[in-house]
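Participant: Test case, fold it:
(chains A and B)
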Amino acid sequence: MHEWALAESILTAALEAAEKEKLKKITEIKISIGELQQIEQDIFEFALDGIIEEQGGKLKGVKIKIETEKSTLKCKSCENTWKFSDMKKKLKEDESEAIHFIPEVAFVHTRCPKCGSPDFEITTGRGVSITSIKGEK
Amino acid sequence: MEARVSVIEKRLKNIKRIISVASGKGGVGKSLVASSLALNLSRKGYKVGLLDLDLYGPSSHIILGVKDVFPEEEKGIIPPNVSGINFMSIVYFTEDKPSPFRGIDISNIIIELLAITQWGELDYLIIDMPPGIGDETLDVIRLVKKSEFLVVVTPSKVAMGAVGKLLQLLKELKLPIIGVVENMKMTDSNYIENNVSKMGLTYLNSVSFDQNLEGSIGNADKLLETDFMKDFDKIVDKIS
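Facilitator: Purely as a prediction, here's the structure:
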């Protein structure tokens, strides 16, 4: 359940931002999760709820909105673009699991579907970020 | 706003000392020094972790003979214990296939590894760094605030040229440099020692070239019995 570690990172970052902005209470956090992270959303939400309940304080009653950003990839050699969801079916279970832990190992286990190059970029859909925070001063 | 960076300090907070084994030059024996340092400290009774951040060419797992293990998932990932060392490496996720990463991907991998690895309480975390002063070095400086640096060089003007640049950078940034290890020493030349002293840094000691060392690669118990380790033990005593 490495979703717990990512959930904790979101709430730690939100509390840091609240401290900076002198918020007494955080009312809403919008989160964007890259598709490449292949987060199990139920587990992620369960982890968020658990940490919020345990920590309380500024996070008590906070609303969390989670968006998944689709992952698009672009080949640097032939400029082909494709979606991670298109190639996921072709991955072996252990390769898919490895990408779930460390998304960038996509460069190890996959290639450009058109020219076979390993030199592509992840243009969207990786990482874990906070897109907005609302709160009360 | 990238969220994972915020939790890294929390993940490292129960580690007493973090030592990054670095060099400006490849092939000087950083991975061997890092693995040997971790093994040596572990045998002295310390709780030790080893993080291989050489993402293109990880080799600590070869030196320690790591096989058929995978991190457990528990509020993140827990490094498997290998020969008494909590060992984390990209190799668990790459199946040892070629790893063609560009700079931004390197940074993302380091952030992910540092954000999700649960080290728990450690006396020492040893980081095996890749050569040079590129992304990995800059990310360790940025993200692992309490890291100290142990720098490895070989008795070569070419190696000292590159390593000198890393030392200059670390000095400029006022980062703690434990000292310099001269590895694979074969003659009585004082060239490295003099250059390190001129920079006002600590020359820890030399380790003689051990031509029987290769036969111990992949076997932690054999490594501990090598002439290399006998020399290296004196250095460990100075820094632990």
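
Participant: all strands for the chain, in order.
Facilitator: You didn't say which chain, so I picked chain A. A:25-34, A:63-69, A:72-75, A:81-83, A:120-124, A:128-136 (DSSP state E).

Participant: Correction: the question concerned chain B.
Facilitator: Per DSSP E, chain B carries strands over the ranges B:15-22, B:48-52, B:72-73, B:77-78, B:81-82, B:85-89, B:122-128, B:147-153, B:177-185, B:203-208.

Participant: For the last one, which outside residues touch it?
Facilitator: Okay, so that is strand B:203-208. Strand B:203-208 is contacted from outside by B:150, B:155, B:178-186, B:192-193, B:196-197, B:227-228, B:231-232, B:234-235, B:238-239, using CB atoms under 8 Å, 6 or more residues apart in numbering or on different chains. Just so you know, the C-beta spots here come from the backbone N, C-alpha and C atoms, and that holds for glycine as well.

Participant: Could you measure from the nearest residue to B:Leu166 once chain neighbours are set aside over to chain A?
Facilitator: Excluding the flanking residues, the one nearest B:Leu166 by CB to CB, 6 or more residues apart in numbering or on different chains is B:Gly24, at 3.8 Å. For B:Gly24, the distance to chain A (CB to the nearest CB, to the nearest Å) stands at 25 Å.

Participant: B:Arg43 too?
Facilitator: In terms of CB to the nearest CB, B:Arg43 sits 30 Å off from chain A.

Participant: quick one: contacts for the residue nearest to that residue when sequence neighbours are not counted?
Facilitator: Residue nearest to B:Arg43 in three dimensions, not counting chain neighbours: B:Leu224, with 6.4 Å by CB to CB, 6+ apart. B:Leu224 makes contact with B:Leu39, B:Asn40, B:Arg43 under the criterion CB under 8 Å, 6+ apart.

Participant: Would you quantify the distance from the first one to chain A?
Facilitator: Read it as B:Leu39. 26 Å.

Participant: what's near enough to touch the residue positioned nearest the centre of chain A?
Facilitator: For chain A, the residue nearest the mean C-alpha position is A:Ile33 (2.7 Å; CA atoms, centre = their mean). Contact analysis of A:Ile33 by CB under 8 Å, 6+ apart lists A:Leu6, A:Ile39, A:Phe44, A:Ile66, A:Glu67, A:Thr68, A:Glu69, A:Val128.

Participant: Tell me where chain A has helices.
Facilitator: Ranges of helices in chain A, per DSSP state H, are A:3-20, A:41-55, A:84-88, A:93-101, A:106-109.

Participant: Make JSON lines from those helices and add mean pLDDT to it.
Facilitator: JSON lines is the format used below for the helices of chain A (pLDDT from 0 to 100):
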{"stretch": "helix A:3-20", "mean pLDDT": "95"}
{"stretch": "helix A:41-55", "mean pLDDT": "95"}
{"stretch": "helix A:84-88", "mean pLDDT": "88"}
{"stretch": "helix A:93-101", "mean pLDDT": "92"}
{"stretch": "helix A:106-109", "mean pLDDT": "94"}
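
Participant: In TSV, list those along with mean neighbour count.
Facilitator: Below are these laid out as TSV (neighbours: other CB atoms under 10 Å in any protein chain shown):
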stretch	mean neighbour count
helix A:3-20	21
helix A:41-55	15
helix A:84-88	16
helix A:93-101	17
helix A:106-109	22
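
Participant: Just to check, A:Met66 is in contact with A:Glu40?
Facilitator: No Met there; residue A:66 is Ile. No: assessed by CB atoms under 8 Å, A:Ile66 is found out of contact with A:Glu40, at 11.8 Å.

Participant: hang on, the earlier thing: quick check: the residue nearest to the centre of chain A vs B:Leu167, distance?
Facilitator: Distance of A:Ile33 to B:Leu167, computed by CB to CB, to the nearest Å: 41 Å.

Participant: centre of the chain versus stretch B:101-116, how much separation?
Facilitator: Chain-centre distance of stretch B:101-116: 17 Å, with CA atoms, centre = their mean, to the nearest Å.

Participant: Could you do stretch B:178-185 as well?
Facilitator: 13 Å.

Participant: Put the alpha carbons of that stretch into PDB.
Facilitator: Output in PDB follows, covering the C-alpha atoms of stretch B:178-185 (Å, rounded to 0.1, in the frame of the first residue of the first chain):
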ATOM      1  CA  ILE B 178      33.900  13.800   5.600                       C
ATOM      2  CA  GLY B 179      37.000  13.300   3.500                       C
ATOM      3  CA  VAL B 180      38.600  11.700   0.500                       C
ATOM      4  CA  VAL B 181      39.400   8.000   0.100                       C
ATOM      5  CA  GLU B 182      42.200   7.100  -2.400                       C
ATOM      6  CA  ASN B 183      41.200   3.800  -3.800                       C
ATOM      7  CA  MET B 184      43.200   1.200  -5.800                       C
ATOM      8  CA  LYS B 185      46.600   2.700  -4.700                       C
END
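
Participant: neighbouring contacts of it?
Facilitator: B:19, B:28-29, B:32-33, B:148-155, B:163, B:167, B:192-193, B:196, B:201-209, B:235, B:238-239.

Participant: Go again with 6 Å.
Facilitator: Stretch B:178-185 is contacted by residues B:28-29, B:148, B:150-155, B:192, B:196, B:202-204, B:206-209, B:235, B:239 when judged by CB atoms under 6 Å, 6 or more residues apart in numbering or on different chains.

Participant: What parts of chain B come near chain A?
Facilitator: Proximity of chain B to chain A, by CB under 6 Å from any CB of the partner chain, involves residues B:1-4, B:6-7, B:73, B:75-77, B:93-94, B:97, B:99-101, B:105, B:108-109, B:112, B:115-116.

Participant: I appreciate the help and will end here.
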